[in-house]
Structures are given as C-alpha cells and as structure tokens.
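A.B. asks: Just a sequence and a predicted model for now, questions to come.
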Amino acid sequence: MQRVASVSVPFKGPASGRLFGFTGLGLMATGAGILSLVLSTGTSLATVVDDRLPLAPLSSVAAPAPSGGTIANQAAAVQLGKALFWDVQVGGDGKQACASCHFVAGEDTRLTNTVNPGNDGIFNSEGITGPGQTILAVRNITNDDRLGSAGEVAANFISVDPDSSHAADICNVTGDPVFGQNRQVTGRKAPEVINAVFNRDNFWDGRANHNFNGFNPFGNTGNNGDGNLVNMTNSSLASQADGPPNNPVEMSCAHRAFNGANSLGAKMLARQPLQFQQVSSKDGVLGPLASAGGNGLNTSYGDLTRAAFGTSDSDSALENSFSSYWGQAVQAYESTLISDKTPMDKYLSGNQSALTQNQANGLNIFQGKGQCAVCHAGAEMTDASVNFYALNGPLNRDGGDQGFHNDGVRPTREDGGRANTGPNGVAWSVSGSSFDRGAFKTPSLRNVGLRRSFFHNGGKATLTDVVNFYNRGGDFANAEKSKDMKQLSLSSSDISALVDFMKNGLTDCRVAKEQAPFDHPALPLNGGADRPATGGNSLCS
C-alpha cells in the first residue's frame with residue numbers, strides 16, 4: 001500500500017492561534033540569544049568555560065556523521081540536495097524555494113512583507129501598520145510582533161500542473177484573515193542553516209529531531225504519526241528539511257502531499273531542475289551539470305536521485321519515497337555549509353594577526369566577564385551541539401533541555417518555545433522542566449554580523465542592542481528565565497570591543513562574498529532584490 005506523508009502541521013500559538021510558521025528549516029531556532037549567561041551551580045566561570053568546552057577552531061571538530069540512511073553516492077546526494085534547496089519550483093506558487101528564507105549567510109534579510117503581528121493580530125512595529133508593507137529601517141521590537149519571513153499566499157492545493165514547463169501548482173487562493181491576499185509571514189525569524197549540521201536538534205524549539213524517520217521532522221517521538229521509511233541518527237538536518245516544503249505558510253498551498261501521485265515528489269520528478277534559474281558553470285557543486293547558455297541543469301531529478309541513492313527505480317516509484325530522498329539529500333548539501341575560516345578560527349589556530357587588538361579584546365570579554373562562551377561554547381559556539389550534549393548530558397544547569405534557555409527576550413506566554421506541543425500533543429521538551437517554557441535553542445554565532453536582526457522573534461536590531469540586552473540582564477523577569485540572567489558590568493569600551501569581535505571577527509569571507517561552498521544558483525526573490533548566480537572561490541584568499 002502506498003504511504004503518503006502528512007509532513008507539516010503548522011503550530012498555532014496561544015491566544016489567537018496565529019501560525020508560527022517555520023515548522024521546517026529552522027525555520028525555528030533561539031531565545032538563547034547572542035550572549036547567554038552562566039547558569040548558577042556554585043562553580044566558577046573559569047572552571048565551566050575551560051573544563052566543559054572552550055572555544056576552538058571549528059575545523060578541530062568533525063561534523064556529526066549520520067547513520068542508517070540510504071545514500072550510495074555522497075557527491076551525487078549533495079548535487080541533488082543543492083538543486084532542491086535552491087529551486088523555486090518547489091513552492092506552491094512556483095516562486096518559493098527553501099533558499100528564499102536562507103539566502104544571505106544562511107538566513108533572510110528581506111524587508112518587504114516580513115512583519116508578523118503576533119498573537120494580538122495588530123501590526124505595530126518597524127513602522128508597519130499592515131501586511132505587505134516595507135520596513136525602511138530595522139528597529140527594536142517592543143511588543144509581540146515578530147520579524148519573520150514572507151511565505152505563500154494562503155491557498156488550498158488542487159493538483160500539480162500537468163504541464164512541466166509551469167512552476168506553480170493549481171491552487172484555490174483563499175486569503176488569510178490577517179494577511180489577506182498578501183504573502184503570509186512566519187512567526188519566528190529564519191535561523192541560519194550554515195553550521196546547523198553541528199546542532200543536535202534543529203528549529204528554534206528543537207522540533208527537528210536528531211532521528212530522521214523519512215517522513216516528517218518528528219523522529220521517533222509521539223508526534224510521528226507516519227511511521228518510518230528510514231531510521232537515521234545524527235540527522236536533524238534531514239528532519240528539518242522535511243518540514244517547510246508542504247507547510248501552508250512557508251512554501252505550499254495547503255494539503256499538498258510529499259509522496260505519491262499528485263504530490264511534491266511527482267511535481268519535481270517531472271520538471272527540469274532549476275529550469276527558471278541560471279546556474280554558474282563555476283558553481284562548486286552544480287557547475288558540471290549547468291546547462292550551457294541557459295537556465296537549469298542538463299539532467300533530471302529522477303537521474304539525480306537514482307545516482308545519489310544507487311537505485312534503478314522509475315520516477316513513479318521514486319515519488320513514493322520522495323520525502324526520504326529529499327531529507328537525506330538536503331541534509332547532505334547543508335552538511336557542506338561549514339564556515340570554519342573566520343578570523344577567530346585563524347586566530348585560535350595560531351595566526352595572531354587574524355584579529356585586530358580591539359577584536360582580540362572582544363574575544364577575551366566574550367570568554368571572560370561577558371560570560372558568552374558558557375552557552376556559546378566549544379568550537380561550534382553553541383551548547384545545543386551534538387558534541388556538547390555528548391560531553392555534558394541531556395540537562396542544562398537549570399534542569400531544562402540542554403542547549404535551550406529562556407533569556408527573558410519576551411514574556412513566556414507569547415511563545416512556549418521548547419515546551420510547546422506537536423501535532424499529536426507531545427511536547428518538544430524531553431526533560432519536562434518548567435525552564436523549557438519560553439526556552440529557545442542557543443544559536444551558533446559565526447557570521448552573526450551578516451544577520452538582519454536577532455533572537456527568535458527578530459526583536460533586536462543590532463549587535464549593540466543585543467549586548468546591551470544581556471548587560472542589563474534581559475528584558476522580562478519570567479519565572480522560567482535562566483537563573484544567572486543577571487546584570488553584567490560591561491563598560492562602553494567592553495561593549496564596543498565585543499561587538500567588533502562578533503561583527504567582524506566571526507565573519508567568514510566565503511559566506512560574505514557567496515563563494516564556494518556558499519555559492520548558489522540565481523534566486524528570484526519575493527519582496528527582495530533577485531540574487532544572481534555565483535560560483536567559485538576566487539574572491540577569498
């Protein structure tokens with residue numbers, strides 16, 4: 001019997017039930033923030049930082065290796081995953097790719113139609129008074145609005161268009177009570193996908209489970225109602241990859257299936273990869289497959305899938321397990337997005353000239369009086385990593401899930417974060433601790449200077465705003481707030497050095513200049529300037 005996945009049930013927030021969105025590619029990930037503080041244990045900070053997991057070059061740790069998958073040719077899987085990730089044909093309207101929310105340093109920098117009004121449904125931040133408007137300058141958000149990402153216009157799926165030269169599905173546009181016939185906006189900021197391979201669980205609330213079942217983001221938890229096509233470990237990237245493609249806020253008309261006839265799988269297998277987008281002949285992954293003098297690749301998704309998974313199945317057979325192929329391939333691609341050549345990485349590897357004196361001072365503050373490296377720990381700069389979990393166990397020092405913290409960014413009632421429940425009523429929280437209420441995943445900080453805004457709600461406009469937030473001990477005295485979210489004593493010169501270090505000392509040139517492995521096909525953007533195809537790595541030494 002053919003198994004069809006019901007992959008993406010949008011999570012609804014408390015009170016008004018507005019869709020959070022980003023049930024997929026991070027599209028959920030941190031209130032843990034930029035400078036999470038040491039949690040009270042009576043242990044000195046020096047002991048915690050030095051003995052638990054000190055900062056180190058990212059190249060000093062290996063990316064977690066998945067097991068239990070069905071990939072036969074890793075290089076071919078990376079090609080398939082990159083094509084799928086950047087292809088706008090995936091969107092229900094034929095204009096929305098995974099990359100549409102992750103195109104600059106692995107996240108979204110658009111300013112048009114990117115405000116979600118939160119639970120009260122009132123647009124009242126960033127100078128915005130209604131849907132579809134453009135932010136002139138990013139400001140701090142002081143209410144329940146969120147700076148998210150533009151997704152799809154609300155519509156119901158009818159069928160895949162039988163004409164493979166058409167990118168859009170056949171859908172019935174319904175509109176949305178809040179966004180009308182404008183594109184819906186996600187309720188959390190798009191997190192970075194670069195270096196996400198090191199996270200044990202992905203999304204801001206960790207719902208993308210480290211075990212991948214081949215159907216949906218929920219692993220082997222009680223929220224998985226679809227069964228298993230595979231049973232993979234160290235595979236939260238595959239889990240998160242299966243969330244957005246059929247989510248009715250992010251990428252799809254409502255009720256489109258992943259597998260079987262009249263599904264996303266059937267649609268993509270019938271279409272030329274990237275047929276509406278230019279691919280550079282110098283693209284580090286797709287260059288050899290780029291169509292000469294035109295758009296797209298000179299192969300098919302069926303042939304790419306057969307090469308990656310070592311199967312001779314027909315397209316009609318491949319479509320029945322497409323959610324598994326999709327997740328594994330996108331994970332293979334995203335696992336190559338490792339930015340390990342920042343000035344800090346070079347400095348920690350012995351190049352003392354890689355950081356300026358001010359940035360080196362900022363690094364010392366980061367590891368010392370700023371107490372940032374307690375949560376932004378280790379080579380990965382996050383306590384939500386696979387490695388940190390293995391060394392320190394499942395609980396943080398508040399007793400909540402490791403890598404997730406409530407830092408008082410917003411009142412807990414606005415977004416339960418890690419304590420929220422999935423489609424079958426099972427919480428993402430494993431510990432069940434009250435400290436998981438309003439807790440979000442600690443993000444890695446490499447390339448943080450390239451981000452549009454900060455925190456899970458996009459509520460802080462600059463890194464200086466973020467440092468000031470931690471210097472005053474947070475904004476809200478939530479009962480669940482991490483115990484050591486206390487005021488710091490950072491001077492103006494301390495703050496300046498710390499911001500300089502994070503903004504400049506953590507930026508990988510290849511990410512900033514979109515060089516391999518961060519090069520990409522051309523990307524037409526909804527509400528933003530189209531991105532040209534890039535390729536090679538000649539711009540960075």
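C.D. replies: Nice, thanks for sending it over.
A.B. asks: Let me see the ranges of the strands in the chain.
C.D. replies: Ranges of strands in the chain, per DSSP state E, are 115-116, 146-147, 155-159, 170-173, 404-405, 440-441.
A.B. asks: Just list what the fourth one packs against, helices and strands only.
C.D. replies: The helices and strands touching strand 170-173, judged by 3 or more C-beta pairs under 8 Å, 6 or more residues apart in numbering; DSSP states H and E, are strand 155-159. Where you see a C-beta, it was placed from the backbone N, CA and C, and this is true even at glycine.
A.B. asks: neighbouring contacts of the strand it packs on?
C.D. replies: For strand 155-159, contacts defined as C-beta atoms under 8 Å, 6 or more residues apart in numbering pick out 92-93, 169-174, 248, 252-256, 262.
A.B. asks: what do you get if the cut-off is 10 Å, keeping everything else the same?
C.D. replies: With C-beta atoms under 10 Å, 6 or more residues apart in numbering as the contact definition, strand 155-159 has outside contacts at 92-93, 169-176, 181, 246, 248, 252-257, 261-264, 266-267.
A.B. asks: Now that strand: buried residues?
C.D. replies: 155, 157 (16 or more other C-beta atoms under 10 Å).
A.B. asks: same question, stretch 270-284
C.D. replies: 270-280, 282-284.
A.B. asks: got it, and stretch 67-81?
C.D. replies: Buried positions in stretch 67-81, judged by neighbour count with 16+ other C-beta under 10 Å: 69-71, 76-81.
A.B. asks: Check stretch 221-241 too.
C.D. replies: When neighbours are counted by 16+ other C-beta under 10 Å, the buried residues of stretch 221-241 are found to be 221, 223-224, 226, 228-230, 232-241.
A.B. asks: do stretch 109-126 as well
C.D. replies: Applying a neighbour-count criterion of 16+ other C-beta under 10 Å, one finds 109-119, 123-126 buried in stretch 109-126.
A.B. asks: tell me which of those residues is nearest to S431?
C.D. replies: The closest of these to S431 turns out to be N119 (C-beta to C-beta; 25.8 Å).
A.B. asks: Would you mind measuring from the closest one to N143?
C.D. replies: Between N119 and N143 the distance is 10 Å, computed by C-beta to C-beta, to the nearest Å.
A.B. asks: Can you pull the residues that touch both of these two?
C.D. replies: E414.
A.B. asks: Just to check, T421 is in contact with A427?
C.D. replies: Yes: the pair T421 and A427 qualifies as a contact (C-beta atoms under 10 Å) at a distance of 5.0 Å.
A.B. asks: overlap in contacts of those two?
C.D. replies: Contact criterion C-beta under 10 Å, 6+ apart; residues shared by T421 and A427: 207, 222-223.
A.B. asks: just curious, which of those is nearest to C101?
C.D. replies: For C101, the nearest member of the shared contacts of T421 and A427 is R207. The distance, counting by C-beta to C-beta, is 16.6 Å.
A.B. asks: on that earlier part again, neighbour count winner among T421 and A427?
C.D. replies: When neighbours are counted by other C-beta atoms under 10 Å, T421 and A427 differ, and A427 comes out ahead with 20 against 15.
A.B. asks: my guess is the more buried one meets F404, correct?
C.D. replies: No: if you go by C-beta under 10 Å, A427 and F404 don't touch, sitting 11.9 Å apart.
A.B. asks: Now do the shared contacts for those two.
C.D. replies: Joint contacts of A427 and F404 (C-beta under 10 Å, 6+ apart) are 205, 418-419, 436.
A.B. asks: which one of these has the most neighbours?
C.D. replies: Among those, D205 has more neighbours than the rest - 34 neighbours, counting by other C-beta under 10 Å.
A.B. asks: pretty sure that residue is touching R437, no?
C.D. replies: No: the pair formed by D205 and R437 falls short of the contact definition of C-beta under 10 Å, at 11.1 Å.
A.B. asks: joint contacts of these two?
C.D. replies: In the contact map built from C-beta under 10 Å, 6+ apart, the residues linked to both D205 and R437 are 415-420, 427, 429.
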